[in-house]
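task: produce atomic coordinates for the following.
(chains A and B)
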Amino acid sequence: MTIKEMADACGWKLLAGEEGTDAKVDGCYIGDLLSWVMARALSGNVWLTVMGNINAVAVAALTDVAGVVLAEDAALDEAAKTRAEMQGMPIYSCPENLYETALKVAEQLGQGHG
Amino acid sequence: MSMLHLHYVVPGDDFTRAGEASGDVKHKLKRLGYEPDAIRRVAIAMYEGEINMVIHAGGGEATVDIDPDKVDILLQDHGPGIADVSKAMQAGWSTAPDNVRSLGFGAGMGLPNMKKYTDVMEIESEVGVGTTVHMVVNPGQK
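As a prediction, the model looks like this:
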């Protein structure tokens, strides 16, 4: 499925990077420590985090994730928003925490228990 | 002469611009048709290097030579230098200040990541003079 389809199903709000919303999602990675995420997130993952700064957008672009979801309505700062628009990297936000968001992702990917 | 020779200035203390050089190299490698794994390794290693120069050295320079069988990356700064390189190479060891940690860096993973993702990584550092990091990524290796 595309990140847009997943976002619609999960009720995420698009903050930036609409251009990239047709990217395919086939997995999920969760983390806030950028060096850690950079070494482990895979291309095609949806990345769940609370880091909404410009470095997070750079890491998202370098790892080719399908998009970023800022859990618990974590803020996307202006510089990060501009970079995400420039790079066509979809950034969403949602009120749920990382765990609750991950459950929704798992359901969408058919990886949950139900 | 390499197939493609690139040079970048990495500005100091400007986190908003860190990643421009590695991002540009990534795009060029993509256009040249490099395999995704090699591109990823170059991008990660180089971005970590850029961030290091921003955090610790007040910026620096990156020179990248791209050939079909290897990508050669040279990072040079005139920062404070690294007193104990072997310690700096240990995962989890960091001298980054708190404001850097709050940005999501400073976990002591930069140099270990650079080593992990490259086929050659050499550091030369002199306290008070600066640091030079030389890295090579060979597509198809690792």
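
show me what contacts B:His56?
B:Asp77, B:Gly79, B:Pro80, B:Thr95, B:Ala96 (CB atoms under 8 Å, 6 or more residues apart in numbering or on different chains). Where you see a C-beta, it was placed from the backbone N, CA and C, and this is true even at glycine.

please repeat the previous calculation with a cut-off of 10 Å.
B:12, B:77, B:79-82, B:88, B:95-97, B:100, B:110, B:131 (CB atoms under 10 Å, 6 or more residues apart in numbering or on different chains).

quick check: B:Val71 touching B:Leu4?
Yes: using CB atoms under 10 Å, B:Val71 is in contact with B:Leu4, at 9.5 Å.

tally up the residues packed near the nearest residue to A:Gly44 once chain neighbours are set aside, please.
Take A:Gly44 and drop its neighbours on the chain: the residue closest to it by CB to CB, 6 or more residues apart in numbering or on different chains is A:Asp26, 4.5 Å away. For A:Asp26, the neighbour count with other CB atoms under 10 Å in any protein chain shown is 12.

now do the one 5 residues further on
Using other CB under 10 Å as the criterion, A:Gly31 is surrounded by 20 other residues.

and if you look at B:Glu126?
Neighbours of B:Glu126 using other CB under 10 Å come to 12.

now do B:Val71
29.

tell me the first helix or strand C-terminal of the helix or strand where it lies.
Applying DSSP states H and E as the criterion places B:Val71 in strand B:70-77. Next along the chain after strand B:70-77, taking DSSP H and E as the criterion, comes helix B:85-88.

spatially central residue for the chain, please.
Went with chain A since none was named. A:Val68 (1.6 Å; CA atoms, centre = their mean).

oops, chain B please
B:Gly49 (2.4 Å).

wait, does the helix-or-strand element of chain A with minimal mean pLDDT contact chain B?
Least confident helix or strand of chain A, by mean pLDDT, DSSP states H and E, is helix A:34-40 with a mean of 91. Yes: Helix A:34-40 lies within reach of chain B by CB under 10 Å from any CB of the partner chain, at A:Leu34, A:Ser35, A:Trp36, A:Val37, A:Met38, A:Ala39.

show me what from chain A comes close to chain B.
Checking chain A against chain B by CB under 10 Å from any CB, the hits are A:31-39, A:42-43, A:49-51, A:53-59, A:61-64, A:77, A:79-80, A:82-83, A:87.

now those: which count as buried?
A:31, A:33-39, A:49-51, A:53-59, A:61-64, A:80, A:83, A:87 (16 or more other CB atoms under 10 Å in any protein chain shown).

strands - which of those land there?
Among those, the residues falling in strands (DSSP state E) are A:Thr49.

just for chain A, where's the confidence low?
Counting by pLDDT under 70, chain A shows low-confidence ranges at A:112-114.

where does chain B have its least confident helix or strand?
helix B:98-101 (a mean of 86).

contact partners for B:Gly128?
B:His78, B:Gly79, B:Pro80, B:Gly81.

out of those residues, which is most surrounded?
B:Gly79 leads the contacts of B:Gly128 on contacts (other CB under 10 Å) with 20 neighbours.

so what's residue 82 up against?
Using chain A. A:Ala16, A:Ile54, A:Val57, B:Thr16.

should've been chain B
B:52, B:56-57, B:88-89, B:95, B:111, B:123-127, B:130-131, B:133.
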